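**Q** any chance you could fold what I've pasted below:
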Amino acid sequence: MVETITAARLRDWIDGEREFSLLDTRPAESYDAWHIQDAVQYTYKPDFEFDADDFRAQTGLAPDDEIVTICAKGVSSFDIAKRLADSGYEHVTVVETGMEGWSAVYDVVDVPTAGDVEIVQFQRRAKGCLGYLIADPKTEVAAVVDPTRHVDRFAAVASDRGYSIEFVLDTHVHADHLSGGRELADYVGATYCLGADAVDRGVDYEFRALERNEVVTVGGVDVKAVATPGHTSEIVSYLVDGEAVLTGDTLFVDSVGRTELQFGEGEAASGADLLYESLHRTLLAEPDAVTVLPGHFAIDADGTADVTPGEPVTTTVGTVRTGLDLLTADRETFVDRLTASLPEKPPNYETIIDINAGRRAPGDEETRTELELGPNNCAATGD
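**A** Presented below is the predicted three-dimensional model:
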């Protein structure tokens, strides 16, 4: 009998350094575009005759190895697991919902704070997306910033910690993933907010427009909307009680946001000029000790990421000011470096922008999953 595990359980096995081989049965092109680190690729089609000797020759996996199979949705990986079991492979386990399930795996990590505010970071492991819960323990009121579409994760954590979500805020109209902002706000009865300039991007739904430097009060915690255009024209960062700033795709721990996804490659330089202003006149003007909480961490198509599971993805204003080479460049050099080498665009980014702006329906769960498959690509290389 073939055993199954959830994608979250697979995460635990990986983090626990359990000895096993992960077998990815998707076609080579799907594997090359996006897979879990160290997975072995073997294309499997149920309609061809399985040859155990050929399988071993291609993969190097022996009958006494512990194998975990994964495919797109858990169908072909389950079929090959049965074939392997019939061929004498005794330790084969299937990831139930495949890479679709892996895309929905989150780590929930507390961010250290000096004041009374509680900040929780949601790390979407497969895509590198970061969302946040900001809460006042005294009043038990909370806000959520940049939630992804699995809104139950955010609502459940808030509920488990005894918080009522009163505000849901997006930093901008995202291009790499489907926002869960409006859905979460509707689900918990909260007010949904964007920066006021989102009106100019053709956003086609109701939201509370936050003016420049407007403060949203979350219990006793002040969340100030700070305009930081560049990655997009309407993007804002959220300064939390003067001790942390949620920067969305403006500033990451080791890079900055790309500028041509909205502005186009022909206008990427104008976006880069705006970004230079936002960084140097706004974010880097904050005290060195202010914690920077970005909207993403970097993850490659091969699943490698420069983060430690269970630890918050953060930096400080002082660290990036002195340690990020791109931020030490003058304006002209900054713009040139940001636009000289543009990374590959996120998959389906134009469709995702239209959905997040309310101009297109998101479709069913299968469609949403297909739109989002793959890591984010919202950072500029600056090489």
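**Q** the strand or helix carrying Ala156 - contacts with which helices or strands?
**A** According to DSSP states H and E, Ala156 maps onto helix 151-160. Other helices and strands packing on helix 151-160, by 3 or more CB pairs under 8 Å, 6 or more residues apart in numbering; DSSP states H and E, are strand 106-111, strand 118-124, strand 129-136, strand 141-145, strand 164-169, helix 181-188. Just so you know, the C-beta spots here come from the backbone N, C-alpha and C atoms, and that holds for glycine as well.
**Q** quick check: which of the ones you listed is buried the most?
**A** strand 141-145 (a mean of 26; mean count of other CB atoms under 10 Å).
**Q** pull the residues that contact that strand.
**A** 131-136, 154, 158, 163-171, 184, 190, 216, 218-219, 223, 238, 246 (CB atoms under 8 Å, 6 or more residues apart in numbering).
**Q** for Ile334, list the residues it contacts.
**A** I think there's a mix-up here, since residue 334 is Phe and not Ile. 272, 276, 326-327.
**Q** for it, report the pLDDT, please.
**A** Phe334 carries a pLDDT value of 95.
**Q** helix, strand or coil: sort out it for me.
**A** Judged by DSSP: H, G, I helix; E, B strand; the rest coil, the three-state class of Phe334 is helix.
**Q** could you measure from it over to Gly181?
**A** Here Phe334 is placed at a distance of 30 Å from Gly181 (CB to CB, to the nearest Å).
**Q** name the SS class of Leu293, please.
**A** Strictly by three-state DSSP, Leu293 counts as strand.
**Q** for it, give the beta-bridge partners.
**A** Leu293 has these beta-bridge partners by DSSP bridges: Leu246.
**Q** thought it was touching Ala244?
**A** Yes - with contact defined as CB atoms under 8 Å, Leu293 reaches Ala244; the gap is 5.6 Å.
**Q** contacting residues for Val317?
**A** Taking CB under 8 Å, 6+ apart, one finds 245, 283-284, 286-290, 292 in contact with Val317.
**Q** try 6 Å
**A** Contacts for Val317 (CB atoms under 6 Å, 6 or more residues apart in numbering) come out as 286, 288, 290.
**Q** selection in PyMOL covering whichever of the residues you listed are buried, please.
**A** If you want just the buried ones from the contacts of Val317 in PyMOL, going by 16 or more other CB atoms under 10 Å, the selection is:
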select buried, resi 286+290
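**Q** about what we covered before: neighbour-wise, give me the winner out of the contacts of Phe334.
**A** Ala272 (26 neighbours; other CB atoms under 10 Å).
**Q** give me the distance between it and Val292.
**A** Taking CB to CB, one finds Ala272 at 20 Å from Val292.
**Q** please apply the same query to Tyr89.
**A** For Tyr89 relative to Val292 (CB to CB), the value is 47 Å.
**Q** how's the chain carved up into domains?
**A** Listed by automatic domain parsing, the domain ranges of the chain are 3-101, 103-380.
**Q** and the shortest one, average pLDDT?
**A** Just to be clear, that refers to domain 3-101. Domain 3-101 shows a mean pLDDT of 94.
**Q** Gly202: how many residues sit nearby?
**A** 12.
**Q** quick one: contacts for it?
**A** By CB under 6 Å, 6+ apart, the residues touching Gly202 are Ala357.
**Q** one step back: nearest to Tyr42, of the helices and strands packed on helix 151-160?
**A** Nearest of the helices and strands packed on helix 151-160 to Tyr42, taken as CB to CB: strand 118-124 at 26.8 Å.
**Q** name the helices or strands packed onto the closest one?
**A** Counting contacts by 3 or more CB pairs under 6 Å, 6 or more residues apart in numbering; DSSP states H and E, strand 118-124 packs against strand 106-111, strand 129-136.
**Q** run the last query once more with 8 Å
**A** Judged by 3+ CB pairs under 8 Å, 6+ apart, strand 118-124 is in contact with strand 106-111, strand 129-136, helix 151-160.
**Q** that older thread, for Thr304, find the nearest of the helices and strands packed on helix 151-160.
**A** Nearest to Thr304, of the helices and strands packed on helix 151-160 and by CB to CB, is strand 118-124 at 15.1 Å.
**Q** where along the chain do the helices fall?
**A** 7-15, 28-33, 52-59, 76-86, 98-102, 151-160, 181-188, 260-263, 268-277, 317-323, 331-340, 349-356, 365-372 (DSSP state H).
**Q** select, out of those, the one closest to Thr69.
**A** Once the helices of the chain are compared by CB to CB, helix 76-86 is nearest, at 3.8 Å.
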